[in-house]
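Q: generate coordinates for the sequence data below:
(chains A and B)
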Amino acid sequence: MVQDLLHSQPGILNFGIFFILALVLLLVILGFVTYAILAERKVMGFMQLRYGPNQVGGPWGLLQTVADVLKLLLKEDTIPKLADRPLFILAPVIAFAPSFVVIATIPFTDKLQFADIGVGLLYYIAISGLTTIGVVMAGWSSNNKYALLGGMRAAAQMISYEIPLVMSVLGVILLTGSMNLNEIVAAQENVWYILIQPIGFLVFFIASVAELNRIPFDLPEAENELIAGYFVEYSGFRWAFFMLAEYVYMFAMASLTTVLFLGGWLPIFSFLDFIPGAVWFALKFSLVVFMLLWFRSTFPRIKADQLMEFGWKVLLPVALANIFLTAIIKELLSLF
Amino acid sequence: MTFSGELLAFLILAIVAVMGGVLLLNLSKVVHMVVALVFTFVSLAGIYVMLSAEFVAVVQILIYSGAITIIMLFGIMLTRHNDTSEVKGGRLRKVLLFLGVLGFAFAVYIGIYNLDFNSPAANLHENNTEQIGIALYTKFIIPFELTSVVLLVALIGAIILAKKDDEEEAKKE
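A: Below you'll find the model as predicted:
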């Protein structure tokens, strides 16, 4: 259905249909974010031998996040007197918009995708870099030294971890011969890339956790050193936008990991293909999200100098070696 | 020229790009200028997409989002928080500048209006990345490799310059 739409003649009707579809996607993602936050608190609770939320909305705390969001929206919207007003207001928008825009290229199943572009993978990485600008803007415009430090850290971290992230997926691109996410999934018909590219997957996963600013790499918002990093001065729905951007990125990054290394919507064994692709995608996606939550509750935060050293002296050389190895193996295989 | 969605998209992107450039020159705070630059670069990427150069568009955003963040950091670190640039020059200078800009715009207009690119290739949008890759690694391999050598030299030079400073400072202490 979406494929027909993508190839149809552009017009007002077409635009309207896409607009409504995007709106539906936004609602789905908001639903995901609501329950991802609940899941995060529950999983962390169980791992730390606590119950987690268990009052609002039944014993599982199903309405806890909804209540939290309502509270956030009712909060007073404060802007510091000495803050740079236009940038302070613009920053959450610039931080959030790219997180939703990147989802357009991700193929959820073979039929459900919003844009099928040739450079899908690069598009994701390029657009997600724009969020950094919003974060630095937020840090600077707040006129607060903790916020500025958080913004600086975010910039340094995102730039140094974007390079290993790109380098680690080059192996996948080499083996597929395309940057189109549909073709990458199709190339995993027999074996998933996590088995052919284990080093690439490891580097990608570590770098993606760093790009998501999650523990153990959550230096930009380290609450016990910087209070809350770049969004100290924000409150109410502007603050909610930063949080939303973070969780939407979690959704997008988990989807991208699934597509690149876990075979997207393809079943584990081909005799299991009576189960629809969407279910497979959801299962793998939930696994990746669970891994992220698991990381958060089990790892300590690392220091800023260790973070930089690890990125440039360990991840980058390993990723480069992985490209070299992949190229050699590909050439050797094509000889025979 | 007929009115179409393409023209509309081009007009919006072009206006945002030009406005970004003008704001870059006219705003007084460094960080504001850099934000104006972001709008210019992103709308240029949009124009590349309209020219079916999706690879160039994506690379434009990939490179410049990092570069702009760095410029912003330098702007923050090298200036004070409330620094603003001062307006210099009198009326005569403004008039001369305006005449210069008009002359330049006229020259560009004359140059572009009758420019003929003898029918652009129709298959540019198919496998865009692959076509660029093949062209770079067959026809333009020597300039491409030379560029990479120049970049490498610049990189090593920067590292050496930065390192020397450290040692000299250590000696002074």
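Q: what is the strand or helix carrying A:Leu72 packed up against?
A: Per DSSP states H and E: A:Leu72 is located in helix A:64-74. The contact analysis (3 or more C-beta pairs under 8 Å, 6 or more residues apart in numbering or on different chains; DSSP states H and E) places helix A:64-74 against helix A:12-47, helix A:236-261. For glycine as for every other residue, the C-beta is placed from the backbone atoms N, C-alpha and C.
Q: pipe the ones you listed into TSV and attach distance to B:Phe98 per row.
A: Shown next, in TSV, are the helices and strands packed on helix A:64-74 (distance: least, C-beta to C-beta, whole Å):
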stretch	distance to B:Phe98
helix A:12-47	40
helix A:236-261	41
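Q: nearest to chain B, of those helices?
A: Taking C-beta to the nearest C-beta, helix A:12-47 is the member of the helices and strands packed on helix A:64-74 nearest to chain B, at 8.8 Å.
Q: which other helices and strands contact the closest one?
A: Using 3+ C-beta pairs under 8 Å, 6+ apart, helix A:12-47 is in contact with helix A:2-7, helix A:64-74, helix A:236-261, helix A:277-298.
Q: deepest-packed of these, please.
A: Mean neighbour count (mean count of other C-beta atoms under 10 Å in any protein chain shown) peaks for helix A:236-261 among the helices and strands packed on helix A:12-47, with a mean of 22.
Q: report the separation between the closest residue to B:Ala57 other than its chain neighbours and B:Gln131.
A: Distances taken as C-beta to C-beta, 6 or more residues apart in numbering or on different chains put B:Tyr48 closest to B:Ala57, at 3.7 Å, once the chain neighbours are dropped. Note on B:Tyr48: its distance to B:Gln131, by C-beta to C-beta, to the nearest Å, is 15 Å.
Q: which of those two has more neighbours?
A: Taking other C-beta atoms under 10 Å in any protein chain shown, B:Tyr48 and B:Gln131 do not tie; B:Tyr48 has more neighbours (19 against 15).
Q: which pLDDT value does the model give the more buried one?
A: Note on B:Tyr48: pLDDT of 87.
Q: low-confidence stretches in the stretch 201-336 of chain A?
A: Along the stretch 201-336 of chain A, no part satisfies pLDDT under 70.
Q: er, chain B actually
A: Ranges of chain B meeting pLDDT under 70: B:1-3, B:81-89, B:117-126, B:165-173.
Q: report the spatially closest residue to the most centrally placed residue in it, excluding sequence-adjacent ones.
A: For chain B, the residue lying nearest the average C-alpha position, counting by C-alpha atoms, centre = their mean, turns out to be B:Phe41 (6.1 Å). Nearest residue to B:Phe41 in three dimensions, chain neighbours excluded: B:Tyr64, at 4.4 Å (C-beta to C-beta, 6+ apart).
Q: nearest to B:Val22 among the helices and strands packed on helix A:12-47 would be which one?
A: B:Val22 lies closest, by C-beta to C-beta, to one member of the helices and strands packed on helix A:12-47: helix A:236-261, at 28.3 Å.
Q: now B:Thr129: closest residue in space, sequence neighbours ignored.
A: Distances taken as C-beta to C-beta, 6+ apart put B:Phe55 closest to B:Thr129, at 4.6 Å, once the chain neighbours are dropped.
Q: how far away is that neighbour from A:Lys330?
A: 22 Å.
Q: same thing with B:Val58?
A: For B:Val58, the distance to A:Lys330 equals 24 Å [C-beta to C-beta].
Q: ok, now B:Phe41?
A: From B:Phe41 to A:Lys330 the distance is 35 Å (C-beta to C-beta).
Q: grab the nearest non-local neighbour of A:Asp218.
A: Per C-beta to C-beta, 6+ apart, closest to A:Asp218 is A:Arg301, 6.2 Å.
Q: tell me who's in contact with the one you found.
A: By C-beta atoms under 8 Å, 6 or more residues apart in numbering or on different chains, the contact set of A:Arg301 is A:215-219, A:222.
Q: one more: A:Leu165?
A: A:125, A:204, A:207-208, A:211.
Q: switch the cut-off to 10 Å
A: A:125, A:128, A:158, A:203-208, A:210-211, A:253, A:315, A:319 (C-beta atoms under 10 Å, 6 or more residues apart in numbering or on different chains).
Q: one more: A:Phe274?
A: Neighbouring residues of A:Phe274 by C-beta under 10 Å, 6+ apart: A:Pro267.
Q: try it again at 7 Å.
A: Contact analysis of A:Phe274 by C-beta atoms under 7 Å, 6 or more residues apart in numbering or on different chains lists nothing.
Q: quick check: phi and psi at it.
A: Main-chain dihedrals, A:Phe274, degrees, to the nearest 10: phi -70, psi -20.
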